[in-house]
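Asker: predicted coordinates and the sequence they were generated for:
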Amino acid sequence: MPRVSVRVVAICESEILLAKYRDNEDDWYVTLGGGVETGETLEEAFHRELSEELNTKAAFGRILMMREVIADRLHHTNLPQGFHQLEIFVETRIERSTHLETVQPDPGQIGLEWLPLNQLNEIRFYPASLKSAIADQKWDRFYYGNIA
């Protein structure tokens, strides 16, 4: 059974708020968010993740898109064997002036950062295949399938 995850797409003034990680290769980025816990709605998970990752609140916006990750079907991945996740990307508005304070960072997470949308193609951002959709804010499909 796939794990369900909520992903927070917070864009303000042509910048996107991302979680920053570091591995032995370099820094890399993802949208904020995490897994939906048992008995929790998607919206409740959205608010809990914002509280844990930003110590703030924001409105649960429209659902922009979904993608699926089945690690065993991807050619190149650092995800564990058997990993299967359905990610639901939700729009929100967070002011650029919001104090960024990670309360419960994920393992390997080193911070939060506002980055210009036009720089997404220059950084290690995951899912890499959604860089253009997010940078251009054009959601031409709702379901993007199993993509890296």
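Answerer: Nice, thanks for sending it over. The shown structure was predicted, so the numbers you read here are calculated from the model rather than taken from an experiment.
Asker: what comes up buried for stretch 68-76?
Answerer: By 16 or more other C-beta atoms under 10 Å, the buried positions in stretch 68-76 come out as 69-71. C-beta here means a position set from N, CA and C on the backbone, and glycine is covered the same way.
Asker: so how far is that stretch from its chain's centroid?
Answerer: Distance of stretch 68-76 from its chain centroid, counting by C-alpha atoms, centre = their mean, to the nearest Å, is 17 Å.
Asker: from residue 74, how far off is the residue nearest the centre of the chain?
Answerer: Among the residues of the chain, the one closest to the centroid is residue 31, at 2.5 Å (C-alpha atoms, centre = their mean). From residue 31 across to residue 74, the span is 19 Å (C-beta to C-beta, to the nearest Å).
Asker: can you check residue 47 too?
Answerer: Taking C-beta to C-beta, one finds residue 47 at 30 Å from residue 74.
Asker: check residue 86 too.
Answerer: With C-beta to C-beta as the criterion, residue 86 and residue 74 are 15 Å apart.
Asker: quick check: closest non-adjacent residue to residue 31.
Answerer: residue 7 (4.5 Å; C-beta to C-beta, 6 or more residues apart in numbering).
Asker: now for the host helix or strand of the one you found, which elements pack on it?
Answerer: Residue 7 is part of strand 3-12, with elements assigned from DSSP states H and E. Judged by 3 or more C-beta pairs under 8 Å, 6 or more residues apart in numbering; DSSP states H and E, the packing partners of strand 3-12 are strand 15-22, strand 27-35, helix 42-54, strand 84-92.
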